[in-house]
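Chemist: got a structure for you, letters missing:
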């Protein structure tokens, strides 16, 4: 288990809830006829054209083992290839940030007074970035199939399922809603190895915009204890 996955899992334990959503599948005859490959190719091409990305997010988690559902919200910033941040507005102050060298996890709502520092591996499948991790050479790591057509809000999208080719990883299955207008992921749902389901929905998505100069700078809060998971 990598240090970055340990830090990502710590964030996942804290990250809040999955509300019930109604899914409207296509008839079976249409499902059988739909090919995932053109949709995936467009999503990969669209993502490769992204240098920066800024969006609001809503994260919902359902943990059936302990019977909890919760929701949190914040802002997602990304600068390719390996810098991103998730800054929570609700609960305020929680933060997951990669500065390109280290991943920083600061979750005062659940682990007050503690900062986790982990190495950024830059290897496919080992990033807590929920957009980049699944669009970086996905066919090498996943079997990708078409699931259904379903809108995210008012925007039509196609849902693709990513099933890991190798067992023992952090996810059982990942669903990605590929927007039909910009071919980017507007929603991602991860079923983790533990059975926890985490869904992240992006709104107000803007690409190739100027980001704040301090967007990927982490400053440890005074008095916070550092847990350094970046060393072997």
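Modeler: In hand now; what should we look at? None of the values given here were measured: they were computed from a predicted structure.
Chemist: please name the residues that touch residue 132.
Modeler: 47, 78, 80-82, 84 (C-beta atoms under 8 Å, 6 or more residues apart in numbering). (Glycine included, C-beta is placed from N, CA and C.)
Chemist: and stretch 89-108, how far out from the chain middle?
Modeler: Put simply, stretch 89-108 sits 14 Å off its chain's centre (C-alpha atoms, centre = their mean, to the nearest Å).
Chemist: before we move on, what about stretch 170-188?
Modeler: 9 Å.
Chemist: report the buried residues of it.
Modeler: Across stretch 170-188, burial judged by 16 or more other C-beta atoms under 10 Å covers 170-171, 174-179, 182-188.
Chemist: got it, and stretch 67-86?
Modeler: 72-74, 76-80, 82-86.
Chemist: repeat that for stretch 161-169.
Modeler: Here stretch 161-169 shows 161-162, 164 as buried, counting by 16+ other C-beta under 10 Å.
Chemist: what does stretch 140-147 give?
Modeler: Neighbour-count burial for stretch 140-147 flags 141-142, 144-147 (criterion: 16+ other C-beta under 10 Å).
Chemist: what is the nearest of those residues to residue 59?
Modeler: Compare each of the buried residues of stretch 140-147 with residue 59 using C-beta to C-beta and the shortest gap goes to residue 147, at 20.8 Å.
Chemist: among the buried residues of stretch 170-188, list the two that are farthest apart in space.
Modeler: 170 and 182 (27.5 Å).
Chemist: flag the least confident of the buried residues of stretch 161-169.
Modeler: Minimum pLDDT across the buried residues of stretch 161-169 is recorded for residue 164, with 93.
Chemist: so where do the helices sit in the protein?
Modeler: Here the chain has its helices, by DSSP state H, at 3-14, 28-33, 36-48, 132-135, 138-141.
Chemist: that's all I had, so thanks and see you.
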